[in-house]
Every structure is written in C-alpha cells, then in structure tokens.
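**Q** predicted model and sequence follow; I will ask about them next.
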2 protein chains.
Amino acid sequence: MTEKGVRLRPPDYVVLGMVRLGAQSGYDIKKLVHDSIRFFWTISEAQIYPSLKRLERVALVRGRSAPQGRRRRRNFDITPQGEAALRAWLTSGEAMPFELRDIGLVKLFFADALDRADALGLLQAIMERSRERVAALNRIEPKARRYKAAGIRHPPLTLRLGIAFHKAIIDVCAEFGGAKKR
Amino acid sequence: MTEKGVRLRPPDYVVLGMVRLGAQSGYDIKKLVHDSIRFFWTISEAQIYPSLKRLERVALVRGRSAPQGRRRRRNFDITPQGEAALRAWLTSGEAMPFELRDIGLVKLFFADALDRADALGLLQAIMERSRERVAALNRIEPKARRYKAAGIRHPPLTLRLGIAFHKAIIDVCAEFGGAKKR
DNA sequence: TTCTCCATGTAAGTAGTTACATGATTGG
DNA sequence: CCAATCATGTAACTACTTACATGGAGAA
C-alpha cells in the first residue's frame, strides 16, 4: 500500500524497478532504460528525477549524496517497503492491455491507395525497420547473457520476445510481397 | 503539400484514410477505427470531429449535411486533393519508428523480483492477453475476407501481422514457461 | 419507459516530451 | 582545447483522453 495519498504511476514503478536492478543514479536509470526496456517503454529525464524524489518521499527508495570528485551525484537504493511495493504492483492483476501505436502499420493499412510499386516500397520499409530492430536487439544480447549468468531470467525473455515478434512481422511481409525473407 | 499553414498530423491522415475507405460520417470513422486499426492506432471522438473540420477547411474532404429523419448527420467524401495528400503522406519516407508502450512487457521484465509462482502467473497473464488478442483479431477475419473480395489487400495484411506477432509471443512464453502452447 | 445505438461536439484534465540551463570530467 | 559523456534539473509545450452535454430513433 502506498501511504500519504501519493499515487504512483507506471513510470514511477519503472524507476523503482531499475533501482532494484542496480541503477544507482538518475543518470544510471536513463542509461539502463536505453538498453533494455526502451523498446517497449520510454521514459525521459524530466520524469526520472521528479520520480526519484517522489519515491524517496514515500520511503520506497533511500537516496544519499555521493559526489564523484566535484561532480554531484545522488545514489539510491530500494528499501524493503520499495521491494514490497514493486511486488504488489507486479502482481496487482490490473488490466494491462497490449497497446501498440504504430504509424508504420497505419500506413500499411492504407496502402491500397498507392500503386503497386509504392505499396511494395512501403512494405519493404516496414520489413527493413523490423530487420533493424532485430539487429539492435541482437546487439543487446551479450548483456542479456550476463544477466542470465547472474540468475536474472526475465530481461533476456523480453529480449527474445522482441526478436520473435519482429521476425514474425518480417516473415508475413515477405510472404505477402513474394520476396525473399532477406 | 498542404497549403494555408495547416499542418496535418497522423490522426488527420487516419481520418482522411478512413473517409477514403468509405466511412462517411465522424461516427462511421469511429466505428471503422474500432474494428480495424484500433489494434495499432486509437483515435477518440474529440479528435475526429475537429479533424474533419480541419480537413474540410483545406479541401481534402468535402462535407455536406445529410440528416437521417430529424437526426443530424454530416457526410464526407475525399477530394482529388485529398487523395493526393494521402498518397504523399504514405510515400513521404518520414521516419516511422516501431513504437510499443506496454506495461505487460515492463512487468515481465521486472518479474525476477517475484517468487516462481507469481512470476509464472504474470507470464500466463501475458500469454492469455495475446490469446485473447488473437481471438479478437480472428473475429474480424470475415470483414477482412470481404475486403479481399473487393480487391482491398492491405487491411487483411495488417490483420495477419497482428495475429502473427501475438502467436510469436505465445510461443516464446510457452517455451520459457515450459507450458503447452494451448 | 427505458435502454441502446446513432450522432456531434467541447471543456478540462492528464501524461508526456522537447528544449533548455547548468556545470564537472575524461579522452583524443 | 574541444567534444563527448556524466549528472541534475525545470519551463513550456504538445498530444491526447475522459467526461460531459445534447438530442433523435428504434427496440424490448
């Protein structure tokens, strides 16, 4: 339960979860998000820093000053209450509809307005985009292997999910376009 | 090119594209969106009606009063300029990054904070959600078949894409969880 | 008569981003 | 010495949703 009427929203739990995974500063969180969940959830600095303050106010994280030389820095760890709050959120059973918002698919949906050549061009752009995404995800793979070695299993799972569904997109597009898969 | 300094944004093109596909009124657009692109792009009434006005002002659609009995109604069709503007947008080559924003995957990413049973529960919730989505998409299939019969090929393609990537999710989750695929 | 659908519209609020401001440190 | 990176933060803006307001028509 969260006290004091401070309602936490998904971005707050993202920050909390990242602190739990070892991100110490706001800057660390930014970087960790960039090479993990940014593929299905983005978060900007303008959210991270206020969120850390909120989380500290309700004692879900504990922050302390940890300057590097003359460069200021605040480090955070998760508290036992923070762990509990994160678990409560993860198991809360709230609806979590799959929400996709993709101009690419919208354009593809309307592509009958184009002549054959342009429609095919659009199809190929969609395929290319998914190929690039697969490549980007594969670049993260070494990091996932390190997680696995440390007994952390779910980040690598989400990585596999990302790769799998972009491959599915490529396959369907290839079949539709009569082109080779690559 | 759009004249008069009215910059059109994706929701406007969605409205334009839907008018082109035969949606006549704002209400028609709402319904058509609901059983087609809502799976990768949502749009609310508060956007549709102002958007139709904007599009009419720059002559990309033409609207006229078409009351049903005493019930008011405005019908729209796309103009030649509207067709051209839609094609220009579809072929514009602007970046169209694949943007996914999914709390479900975020939770799965953090699931190592849970014990085995809860983590498995979350995994199953993700799978269930994709199964439901596949079912919802399959329910639309008859509509897609009618499109196909009329030579409209791309809406059915996006439908297949949706089904394919949710099946991919189900498969990966099933393998990870050691469960049956269903 | 009352519920659901048809139909159009707006006001107010929410969630988020972009752009900026500041300054220290490291590497080429 | 200059660029990139480390590090924190805010003001202003944008996009979008929710909730509401209004009212006609058909069906149970």
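**A** Sure thing, it's come through.

**Q** can you pull the domain assignment for chain A?
**A** If the domains of chain A are taken from automatic domain parsing, they occupy A:10-91, A:103-177, with pieces of a single domain joined by a plus sign.

**Q** is it correct that residue A:160 is in contact with residue B:172?
**A** Yes. Counting by Cβ atoms under 8 Å, residue A:160 touches residue B:172, with 5.4 Å between them. The way it works is simple: take the backbone N, C-alpha and C, and place the C-beta from them, glycine included.

**Q** the two: which has the busier surroundings?
**A** More neighbours surround residue B:172 than the other of residue A:160 and residue B:172, with 20 against 17 (other Cβ atoms under 10 Å in any protein chain shown).

**Q** in what helix or strand does that one lie?
**A** Under the criterion of DSSP states H and E, residue B:172 resides in helix B:154-177.

**Q** ok now that helix, how far from the chain's centre?
**A** Averaged C-alpha coordinates place helix B:154-177 at 16 Å from its chain's average position (Cα atoms, centre = their mean, to the nearest Å).

**Q** that one vs chain A: in contact?
**A** Yes. Contact of helix B:154-177 with chain A is found when judged by Cβ under 8 Å from any Cβ of the partner chain, involving B:154-155, B:157-158, B:160-161, B:164-169, B:171-173, B:176.

**Q** in that helix, what's buried?
**A** Using 16 or more other Cβ atoms under 10 Å in any protein chain shown as the test for burial, helix B:154-177 gives B:154-174, B:176.

**Q** stretch A:63-72 too?
**A** So for stretch A:63-72, counting by 16+ other Cβ under 10 Å, buried means residue A:63.

**Q** so how far is that stretch off the chain centroid?
**A** Remark: stretch A:63-72 is offset 28 Å from the chain centroid, using Cα atoms, centre = their mean.

**Q** that one close to DNA strand D?
**A** Yes. With Cβ under 7 Å from any atom of the strand as the threshold, stretch A:63-72 lies in contact with DNA strand D, specifically through A:68, A:71-72.

**Q** okay, and which of those residues map to helices?
**A** Residues from these lying in helices, with DSSP state H as the criterion: none.

**Q** could you export these as TSV, including distance to residue B:39 and pLDDT?
**A** What follows is the residues of stretch A:63-72 next to DNA strand D, written out as TSV (distance: Cβ to Cβ, whole Å; pLDDT from 0 to 100):
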residue	distance to residue B:39	pLDDT
A:68	47	88
A:71	47	92
A:72	46	93
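
**Q** wait, which of those is closest to DNA strand C?
**A** Sorting the residues of stretch A:63-72 next to DNA strand D by distance to DNA strand C puts residue A:71 at the head of the list, at 3.9 Å, by Cβ to the nearest atom of the strand.

**Q** how much space between that closest one and residue A:27?
**A** Counting by Cβ to Cβ, to the nearest Å, the gap between residue A:71 and residue A:27 amounts to 11 Å.

**Q** what does residue A:89 give?
**A** For residue A:89, the distance to residue A:27 (Cβ to Cβ) stands at 24 Å.

**Q** swap in residue A:132?
**A** Applying Cβ to Cβ, the value for residue A:132 to residue A:27 is 27 Å.

**Q** hey, where'd the helices end up in chain A?
**A** According to DSSP H, the helices that chain A contains are A:10-20, A:26-34, A:45-57, A:80-90, A:103-109, A:116-149, A:154-177.

**Q** out of these, which comes closest to residue B:128?
**A** Evaluated over those, closeness to residue B:128 peaks at helix A:154-177, with 15.0 Å, by Cβ to Cβ.

**Q** ok, the closest residue to residue A:37 other than its chain neighbours - contacts?
**A** For residue A:37, the nearest residue in space outside its immediate sequence neighbours is residue B:109; the separation is 5.5 Å by Cβ to Cβ, 6 or more residues apart in numbering or on different chains. When contacts are counted by Cβ atoms under 8 Å, 6 or more residues apart in numbering or on different chains, residue B:109 touches A:17, A:36-37, A:154-155, A:158.

**Q** at 7 Å instead, please
**A** When contacts are counted by Cβ atoms under 7 Å, 6 or more residues apart in numbering or on different chains, residue B:109 touches A:36-37, A:154-155, A:158.

**Q** could these be laid out in JSON lines, adding distance to DNA strand C and pLDDT?
**A** Below are the contacts of residue B:109 laid out as JSON lines (distance: Cβ to the nearest atom of the strand, whole Å; pLDDT from 0 to 100):
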{"residue": "A:36", "distance to DNA strand C": "15", "pLDDT": "95"}
{"residue": "A:37", "distance to DNA strand C": "12", "pLDDT": "96"}
{"residue": "A:154", "distance to DNA strand C": "21", "pLDDT": "98"}
{"residue": "A:155", "distance to DNA strand C": "20", "pLDDT": "97"}
{"residue": "A:158", "distance to DNA strand C": "18", "pLDDT": "98"}
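
**Q** ok, the residues you listed vs residue A:51, which is closest?
**A** Of all the contacts of residue B:109, residue A:37 has the smallest distance to residue A:51: 14.6 Å, by Cβ to Cβ.

**Q** tell me the centre residue of chain A?
**A** Among the residues of chain A, the one closest to the centroid is residue A:37, at 1.8 Å (Cα atoms, centre = their mean).
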